[in-house]
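# Show me the folded form of this:
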Amino acid sequence: MPLYEYECSKCQHKFAELIMQKEEEEKLRCPKCKSKKWERLFSAFAVVSDLSTNMPKPDLSNLPPEVRAKTMIGDYIEEKDRHKTIR
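Numbering: from 1, shown residues only. Below you'll find the model as predicted:
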């Protein structure tokens, strides 16, 4: 969905808007002070991973042994972050 984040240049209020067409963005106003002066912010995105699923393992057979030994992500997951069924 085209959800964009903005910051008002006048009052520094941050807000998000669903913008489907460029014309909608041109009419945009700050919801707090109603100013038309705003900047679009760089938005980060979230990635959610469910560690409890049985994901397929990649084929590492063509990698050198020293590289292969460093590719197991499970070695880097802290105990508190592991799913309760695999602790």
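# what's around Tyr6, how many residues?
20 (other C-beta atoms under 10 Å). Backbone N, C-alpha and C define where each C-beta goes, glycine included.
# okay but Lys32 is in contact with His13, surely?
Yes - at 4.1 Å, Lys32 counts as touching His13 under the criterion of C-beta atoms under 8 Å.
# As a check, name the ranges of all strands in the protein.
Taking DSSP state E, the strands of the chain run over residues 3-8, 14-18, 38-40.
# Does the shortest one pack against any helices or strands, and if so which?
Pointing back at strand 38-40 there. strand 3-8 (3 or more C-beta pairs under 8 Å, 6 or more residues apart in numbering; DSSP states H and E).
# which parts of the strand it packs on are buried?
Tyr6, Cys8 (16 or more other C-beta atoms under 10 Å).
# So Asp59 versus Glu66, what's the distance?
Using C-beta to C-beta, to the nearest Å, one obtains 17 Å as the distance from Asp59 to Glu66.
# possible to save the strands of the chain as a markdown table with distance to Glu26 and mean pLDDT?
Output for those, formatted as a markdown table (distance: least, C-beta to C-beta, whole Å; pLDDT from 0 to 100):
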| stretch | distance to Glu26 | mean pLDDT |
| --- | --- | --- |
| strand 3-8 | 13 | 91 |
| strand 14-18 | 12 | 91 |
| strand 38-40 | 11 | 95 |
